[in-house]
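Undergrad: How does the following fold in three dimensions:
(chains A and B)
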Amino acid sequence: MQRHILLIDDEDDIREVTAVSLETVAGWQVSSARSGVDGIELAKRAVPDAILLDVMMPEQDGTATLRLLRSNAVTARIPVIFLTAKAQSIERERLQAIGAAGTLAKPFNPLTLAAEVSAILGWR
Amino acid sequence: MKLTVERTVLAGFVIVLFLLGTVGIVSQRTIIGLIVDSKWVTHTHVVLELLQQVSFRMSQAEAAVRGYVITGDTTFEAQYEGIRKQVPELISKLRTQTLDNPAEQSNLASLEALIQKRFATMDEGIRVRKSGGLEAILALGSSGPGRKLSADISALTALMRDDEDRLLADRNTRAQTSARRAFLVVLAALVLAMIAVIGSVVLVFRDLTRRQQIERIKSEFVSVVSHELRTPLTSIHGSLALLASGLLGRVNPKGERMLQIAVSNTDRLIRLLNDILDMEKLDSGKMEIRRMQCSAKELIEHAIDVMRPMAQSQQIALSASRSELFIYADRDRIIQCLTNLLSNAIKFSDPGGTVQVAAKSIGTHAQFEVCDRGRGIPADKRNSIFERFQQVDTSDSRKRGGTGLGLAISRNIVEQHGGKIWVESQLGTGSTFFFTVPLAQNHNPDIASYVDSANTVSSQRESNAETHPAD
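TA: Got it, this is the predicted structure:
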């Protein structure tokens, strides 16, 4: 089944590599946004199956973006997985406590990324 | 800097000890000196008193003789005889008291001679009065040597008293000078000791603050750098891995090899980065250890799952003993230890070899074992390999892609759990790494039977789950 993923990350190269990984390995459709503000707009219009969200972004960071997504009726139910360079369990728990479906550590393996996302979201 | 401060502090303490020693010795000497001086003062007073008594007795003797000569009363004679016996005793006492003073001894000898002569003249007076009566005495007139002798005796005792007084004054001056000097020495030594102590304390505090500052800067630097490195590494690693996978199209065999090299070295860089960050967290105490009850079997299986791809690529079989134990530990960290040890065991095993993992309970602890049949570790390296960046062979990190931090991190994790880590090894035969972590004490009742059976060695349920590369 083709999934639609929204990728929100301020790093152009990481967005591109992640998109290629998910498109090539799993055949998913990937949209991407370079900031939390753009990402929320895109999420409202496209309503993706899941959002991969960078934690550390200038201006509006991942945590703030997630809160805004949750407060909007259209985007409130879209599962969000954080991409974080801080892989410590305390950070993972903090992000899950504010409503993340899961966290994935950077650098990730592009060949298993789609499988990991599926596992977190219970997709088959 | 570290050594210099420690040396300076050590030097400070040596100086303080030396100064306190000096204070002790000087004080002791001064006190002994003062005791001796006070003895001397008493001694002088005794001598002065004795001299005065000699003068007094001589005057009394003269008065008694005069009384007898004038009145003929024998009571005066008896009085004289009494005094005559007392004076030699006083002289002998004086002699003992002035044994150390040759000048006084010679004065005393002269005094004794004068006194004897004076007594002889007085004896003579009494004898003349007895035989010739008052007239005979009057006939002698006042030309006898008695008066001159009396004057000489008075003069000599006065001289001796003056000598003693001068000696006392000298001794007092000397005692005061030495006491003052001792006071100054003690005061100076105490002031210097205080300066040395305060200096050392200031130095230590300044150094401590500096070290804390350096530690904080290092910690910040490591975390910023590791984050800043992660971002480009994510892109590099992602694009290389996609290229190497062939999913984006094939490159020629040489190109493929180049991509493999790039991927494996990026992997190594990421591992190094993770290990450095872990080491930093462990060093700065920022690594939280979150203990919970967990199953040793499950941890071993998880670690084997993580290491399976590496084992398969090197054709190593992984085998686990399935005895069940419950430990009280941080799940992720124990898995990290196990994967570190497994990764080493795989790296140093020959293709076709087997690496075994097991856990058993020993007292209050669970003992994990990771056993390989590799080349073994020389005896002199069996402790140092647990230090950071210490490997059996310096070329190992290049050839086998290790970071040199895995065992240091493992040791730190195990020690934070209150356990121990060590290795037993035989060259050419293989190595077994052991580590212990506390067993769970209040385990869930429905898994208690597993723990109980695992605790009984005879009933330990063991079966081998072999994961062959071919599986």
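Undergrad: what ranges of chain A fall below the confidence cut-off?
TA: A:86-89 (pLDDT under 70).
Undergrad: Near chain B, which residues of it? Just list them.
TA: Selection of chain A residues close to chain B by Cβ under 8 Å from any Cβ of the partner chain yields A:11, A:13-14, A:16-18, A:20-21, A:24-25, A:56, A:85-86, A:88-90, A:106-111. The way it works is simple: take the backbone N, C-alpha and C, and place the C-beta from them, glycine included.
Undergrad: Filter those residues down to the ones in strands?
TA: Within the residues of chain A next to chain B, no residue falls in strands by DSSP state E.
Undergrad: Make a ChimeraX selection of whichever of the residues you listed turn out to be buried.
TA: Applied in ChimeraX, the following selects the buried portion of these according to 16 or more other Cβ atoms under 10 Å in any protein chain shown:
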select /A:11,14,16,17,18,20,21,24,25,56,85,86,88,106,107,108,110,111
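Undergrad: Now B:Gln86: phi and psi?
TA: The phi/psi pair for B:Gln86 (degrees, to the nearest 10) reads phi -70, psi -40.
Undergrad: okay but it is in contact with B:Arg57, surely?
TA: Yes. Judged on Cβ atoms under 8 Å, B:Gln86 makes contact with B:Arg57 at a distance of 5.8 Å.
Undergrad: So which of those two has more stuff around it?
TA: B:Arg57 (18 against 14; other Cβ atoms under 10 Å in any protein chain shown).
Undergrad: tell me which element that one is part of?
TA: helix B:2-71 (DSSP states H and E).
Undergrad: What pLDDT is listed against B:Lys2?
TA: We have a pLDDT of 53 for B:Lys2.
Undergrad: Equivalent analysis for the one 5 residues further on, please.
TA: Per-residue pLDDT puts B:Arg7 at 83.
Undergrad: Repeat that for the one 4 residues further on.
TA: B:Ala11 carries a pLDDT value of 84.
Undergrad: For residue 35, give me its contacts.
TA: By default, I'm working from chain A. A:8, A:10, A:57, A:59-60 (Cβ atoms under 8 Å, 6 or more residues apart in numbering or on different chains).
Undergrad: Mind picking the two most distant members of those?
TA: A:Ile8 and A:Glu59 (12.4 Å; Cβ to Cβ).
Undergrad: Can you pull the residues that touch both of those two?
TA: Common neighbours of A:Ile8 and A:Glu59 (Cβ under 8 Å, 6+ apart) are A:35-36.
Undergrad: Which residues are in contact with residue 23?
TA: Here I'm looking at chain A. If you count contacts by Cβ under 8 Å, 6+ apart, then A:Glu23 has A:29-30 around it.
Undergrad: meant chain B actually
TA: Counted by Cβ under 8 Å, 6+ apart, B:Val23 has contacts B:185-186, B:189-190, B:193.
Undergrad: among these, which ones are buried?
TA: B:185-186, B:189, B:193.
Undergrad: Reformat these into JSON lines and put distance to B:Asn101, secondary structure and pLDDT next to each item.
TA: Shown next, in JSON lines, are those (distance: Cβ to Cβ, whole Å; DSSP: H, G, I helix; E, B strand; the rest coil; pLDDT from 0 to 100):
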{"residue": "B:Val185", "distance to B:Asn101": "31", "secondary structure": "helix", "pLDDT": "84"}
{"residue": "B:Val186", "distance to B:Asn101": "32", "secondary structure": "helix", "pLDDT": "86"}
{"residue": "B:Ala189", "distance to B:Asn101": "36", "secondary structure": "helix", "pLDDT": "86"}
{"residue": "B:Ala193", "distance to B:Asn101": "42", "secondary structure": "helix", "pLDDT": "87"}
